[in-house]
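>>> please find the sequence and the predicted model below.
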Amino acid sequence: MNILIAGAGIGGLTAALSLHAAGCEDVCVVEAAPEIRPLGAGINLLPNAVRELAALGLYEELLRRSVPLERLGYFNHHGQTVWSERRGHGAGHHWPQLAVFRGSLQELLAARVAERLGPDAVRTDARLTGFTVADSGRVRVDLGHRSRGGTASTVETDVLVGADGIRSAVRGTLYPQEGSPRSQGVVVWRGVTRSRPFMGGRSMVVMGDGRWKVVVYPLADLPDASGDVPVNWAASYTGDLDVRPAEVRDRFLPRFADWRCEDLVVRDVLGGAEPAQEFPMMDRDPLPRWSFGPVTLLGDAAHAMAPMGSNATTQAVVDARALAHAVSLHADPVHALREYDRERRPAMNRLQLMNRAKGPEVVIDLACARAPEGFTGTGTGDADDVLPHRELAAIAHAYATAAGTDPDSSNFPSPYGSPEGPAHPVRAGAAR
Ligand SMILES: Cc1cc2nc3c(=O)[nH]c(=O)nc-3n(C[C@H](O)[C@H](O)[C@H](O)COP(=O)(O)OP(=O)(O)OC[C@H]3O[C@@H](n4cnc5c(N)ncnc54)[C@H](O)[C@@H]3O)c2cc1C
């Protein structure tokens with residue numbers, strides 16, 4: 001059986017490695033970009049995704065490229081704690097939560113695909129433009145090759161996996177009426193700045209006032225010679241910007257002028273030298289079906305979700321492992337794809353809707369609505385008067401359970417088999 005994956009992002013490359021590990025010899029990835037370049041800023045891998053990448057034998061390399069986060073804090077714009085929780089081992093997880101450059105993770109996966117599946121397993125400059133399923137059940141896939149003068153070609157495959165991101169052409173062929181991704185009415189600015197480590201060096205901070213929000217976390221554990229680490233940040237605004245200065249940074253930086261949180265000075269991070277990118281926040285509606293005969297969807301192509309709770313990359317990795325496991329269990333690929341859909345889609349549908357409603361970050365909006373001037377009742381940082389601890393704990397728990405990232409869901413061995421992974425995780429903090 002041969003399998004063609006459209007898209008060499010994190011989901012597509014993990015699917016290639018997982019299918020190979022599950023015994024599929026003939027797996028090929030077609031990628032629209034002319035080459036795999038380390039693009040993007042930071043992403044997070046939650047414990048269930050780290051466990052699955054460990055099962056592929058990638059744990060040690062992942063640790064070398066990432067930061068195991070130990071704390072996640074939600075704050076109001078006065079810097080007062082709304083909710084704070086430990087992450088990783090301190091929270092009872094066997095596997096850490098890792099913050100990493102997206103490009104670094106993609107490079108690692110692409111290198112292992114070349115090593116294990118062969119140097120031709122990923123074909124770049126090959127954009128899927130459409131497909132048809134013949135009466136024989138084989139899939140005819142149309143490809144466009146931009147750098148070869150826009151020429152076209154066709155390949156045949158037994159199984160097609162659409163891992164081609166939020167603007168998936170595979171999804172567009174399955175759901176031609178759907179149109180563009182859905183705007184959330186939020187403008188996002190993103191960047192990476194070299195800056196001093198903050199809050200012990202392994203913390204993620206989410207701060208907001210109900211409209212303006214900033215998310216900050218480190219992308220390296222050890223400072224460089226000048227004492228700095230790369231810090232990932234994303235600032236956002238909910239609503240239409242009535243004034244749009246020409247310089248991108250001027251559109252958001254003044255709003256964060258006096259935002260501080262312990263030793264984190266938000267303005268210093270957001271005002272760094274590297275250019276900021278601006279884009280609208282988008283997601284997709286949940287789908288009634290991902291698998292159609294020998295064709296299925298994976299990752300953002302299947303369930304692009306608003307970026308709350310660090311789940312986009314995590315769930316793409318879990319999809320990839322679940323798909324490969326289903327293919328290894330069922331000789332009939334159509335049956336396997338149906339089982340994969342049945343296992344993964346209901347949970348992802350729920351998570352997409354939770355993220356649209358702001359997921360775990362909703363605690364900041366609750367705090368701002370109930371205490372717009374900040375918490376004054378029982379001292380700085382104590383939100384319990386207006387936001388009872390049990391209410392906040394229930395929000396965090398419900399979200400982690402839905403995502404399968406709580407210790408009860410993620411502490412057991414991979415349910416998708418563990419051909420190469422370590423029997424026990426190495427403690428991520430040990431090398432520090
Ligand atoms: C360039 C880039 C930068 C990103 N940066 C960040 C970031 O900084 N932070 C963050 O949280 N998330 C980022 N993301 C999104 C994040 O990677 C995903 O949400 C998550 O990892 C799920 O991955 P995925 O494999 O499903 O989709 P993606 O990571 O989007 O990968 C999809 C892949 O499919 C390819 N592709 C698209 N259309 C076709 C086609 N028709 N034929 C063949 N190939 C196609 C794309 O070039 C891409 O390589 C970025 C995505 C991309 C593509």
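Looks like it arrived, so ask away. Numbering: from 1, shown residues only.

>>> C-alpha only now, for contacts and for neighbours.
OK.

>>> excluding its backbone neighbours, what's nearest residue 234?
Leaving out its chain neighbours, the residue that sits closest to residue 234 by Cα to Cα, 6 or more residues apart in numbering is residue 190, at 4.4 Å.

>>> so that neighbour sits against residue 248, correct?
No. Using Cα atoms under 8 Å, residue 190 makes no contact with residue 248, being 10.8 Å away.

>>> contacting residues for the nearest residue to residue 271 once chain neighbours are set aside?
Distance criterion Cα to Cα, 6+ apart; nearest residue to residue 271, sequence neighbours excluded, is residue 253 at 6.9 Å. The contact partners of residue 253, by Cα atoms under 8 Å, 6 or more residues apart in numbering, come to 267, 270, 271.

>>> out of those, which are inside helices?
Applying DSSP state H to the contacts of residue 253, the entries found in helices are 267, 270.

>>> now the end-to-end length of stretch 238-248.
Taking Cα to Cα, to the nearest Å as the measure, stretch 238-248 stretches 16 Å from start to finish.

>>> just the buried residues of it, please?
Residues of stretch 238-248 include none that count as buried (16 or more other Cα atoms under 10 Å).

>>> that older thread, mind putting the contacts of residue 253 into TSV with distance to residue 291, pLDDT and neighbour count?
Formatted as TSV, these follow (distance: Cα to Cα, whole Å; pLDDT from 0 to 100; neighbours: other Cα atoms under 10 Å):
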residue	distance to residue 291	pLDDT	neighbour count
267	46	93	16
270	42	92	28
271	45	89	19
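
>>> which of the contacts of residue 253 lies closest to the ligand?
Comparing the contacts of residue 253 against the ligand with Cα to the nearest ligand atom places residue 270 closest, at 15.1 Å.

>>> any idea how far that closest one is from residue 250?
From residue 270 to residue 250 the distance is 11 Å (Cα to Cα).

>>> related to what we said a few turns ago, list the residues that contact both of residue 190 and residue 248?
276, 277, 278.

>>> hmm, which of the residues you listed are the buried ones?
For the shared contacts of residue 190 and residue 248, a burial check counting by 16+ other Cα under 10 Å picks out 276, 278.

>>> and the shared contacts of residue 190 and residue 248 as a markdown table, adding pLDDT?
Compiled in a markdown table, the shared contacts of residue 190 and residue 248 are given as follows (pLDDT from 0 to 100):
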| residue | pLDDT |
| --- | --- |
| 276 | 79 |
| 277 | 85 |
| 278 | 88 |
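
>>> which of the shared contacts of residue 190 and residue 248 lies closest to the ligand?
Ranked by distance to the ligand (Cα to the nearest ligand atom), the shared contacts of residue 190 and residue 248 are led by residue 277 at 10.0 Å.

>>> is stretch 343-356 in proximity to the ligand?
No. Residues of stretch 343-356 are not located near the ligand by Cα under 6 Å from any ligand atom, the shortest gap being 12.4 Å.

>>> which helix or strand contains the residue in the stretch 301-432 of the chain that the ligand sits nearest to?
Residue of the stretch 301-432 of the chain nearest the ligand, by Cα to the nearest ligand atom: residue 313 (3.7 Å). If you go by DSSP states H and E, residue 313 is part of helix 312-329.

>>> what packs against that helix?
helix 10-21, strand 42-45, helix 47-55, helix 333-356 (3 or more Cα pairs under 8 Å, 6 or more residues apart in numbering; DSSP states H and E).
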